[in-house]
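1. Show me how the following folds:
(chains A and B)
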Amino acid sequence: SQQGEEDPQALSIQEGENATMNCSYKTSINNLQWYRQNSGRGLVHLILIRSNEREKHSGRLRVTLDTSKKSSSLLITASRAADTASYFCATPQGGSEKLVFGKGTKLTVNP
Amino acid sequence: SQTIHQWPATLVQPVGSPLSLECTVEGTSNPNLYWYRQAAGRGLQLLFYSVGIGQISSEVPQNLSASRPQDRQFILSSKKLLLSDSGFYLCAWSLGLAPYNEQFFGPGTRLTVL
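-> Next up is the predicted model:
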């Protein structure tokens, strides 16, 4: 069964605006990861946030984690056309060595 | 620095033909290695992972197999391709187990089975 689900499935914004993507998961986790995938390319790791962390920053990226609601959000501030990509959250599948990816949010940043 | 290679980049194969996709990692030792498949517009499906030479864990029953003949080499194979095998195949590595560590992905192989 799907562990992480991103929302929305697609998001279109103008350059300079902020983009927020959400991820919900079902079981307890010890960390959550966000990845970016440009069209036709491999995935690139963005951020890993541990269950004892509530917020983490990396450049223009801000990730929050609410373990009580089993949800995470990825905020990209002052978006650029180069941010156009699909964004995936990934969570451990309990009791296994498996990392489960959601279906992703497709972000389009219009110049 | 570490790099990961996959080849070929694209492949068009007829149904029933064999398959061999190769992945190699440079600049690290004893990596954990992973094969994922991504269908169009979908998330990633973990197919196989390996924590060492000759050690393969299969996640999904299918007509694919994987092998790890060397520490930094991971091969995905099939004896007879099906139409449903079409997709984007991604190899990845991590130093620790994936649930606790970031994974580094290769550029992928686009497979079309006709």
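
2. Any stretches of the chain with poor pLDDT?
-> Picked chain A for this. Scanning chain A for pLDDT under 70 picks out A:1-3, A:94-97.

3. my bad, the chain I had in mind was chain B
-> Ranges of chain B meeting pLDDT under 70: B:61, B:98-99.

4. all strands of it, in order?
-> B:3-7, B:10-13, B:19-26, B:32-38, B:44-52, B:55-58, B:64-70, B:73-78, B:87-94, B:104-105, B:109-113 (DSSP state E).

5. In a markdown table: those, plus distance to residue A:104.
-> To be clear about C-beta, it is placed using only N, CA and C from the backbone, and glycine gets the same treatment. Shown next, in a markdown table, are the strands of chain B (distance: least, C-beta to C-beta, whole Å):
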| stretch | distance to residue A:104 |
| --- | --- |
| strand B:3-7 | 20 |
| strand B:10-13 | 22 |
| strand B:19-26 | 22 |
| strand B:32-38 | 9 |
| strand B:44-52 | 9 |
| strand B:55-58 | 24 |
| strand B:64-70 | 23 |
| strand B:73-78 | 22 |
| strand B:87-94 | 13 |
| strand B:104-105 | 14 |
| strand B:109-113 | 17 |
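
6. For residue A:73, find the nearest of those.
-> For the strands of chain B, the distance to residue A:73 is smallest for strand B:44-52, at 20.6 Å, taking C-beta to C-beta.

7. Can you list the buried residues in stretch A:77-90?
-> A:79, A:83-90 (16 or more other C-beta atoms under 10 Å in any protein chain shown).

8. Okay, now that stretch: how far is its last residue from its first?
-> In stretch A:77-90, first residue to last residue: 21 Å (C-alpha to C-alpha, to the nearest Å).

9. That one vs chain B: in contact?
-> Yes: using C-beta under 8 Å from any C-beta of the partner chain, stretch A:77-90 reaches chain B at residue A:88.

10. and chain A, which of its residues are near chain B?
-> Counting by C-beta under 8 Å from any C-beta, the residues of chain A close to chain B are A:2, A:30-31, A:33, A:40-45, A:48, A:88, A:91-93, A:96-104.

11. The same query, at a cut-off of 10 Å, please.
-> With C-beta under 10 Å from any C-beta of the partner chain as the criterion, chain A comes near chain B at residues A:2, A:4-6, A:9, A:29-31, A:33, A:35, A:37, A:40-48, A:50, A:86, A:88-104, A:106.

12. Out of those, list just those in strands.
-> Mapping these onto strands (DSSP E) picks out A:4-6, A:31, A:33, A:35, A:37, A:43-48, A:50, A:86, A:88-92, A:99-101, A:106.

13. which among these end up buried?
-> With neighbours counted by 16+ other C-beta under 10 Å, those contain buried members at A:4-6, A:31, A:33, A:35, A:37, A:43, A:45-48, A:86, A:88-92, A:99-101, A:106.

14. residues in contact with the residue lying closest to residue A:70 once chain neighbours are set aside?
-> Leaving aside its sequence neighbours, residue A:70 sits nearest to residue A:25 (C-beta to C-beta, 6 or more residues apart in numbering or on different chains; 5.2 Å). Residues near residue A:25 by C-beta atoms under 10 Å, 6 or more residues apart in numbering or on different chains: A:2-5, A:32, A:67, A:69-72, A:89-92, A:100, A:102.
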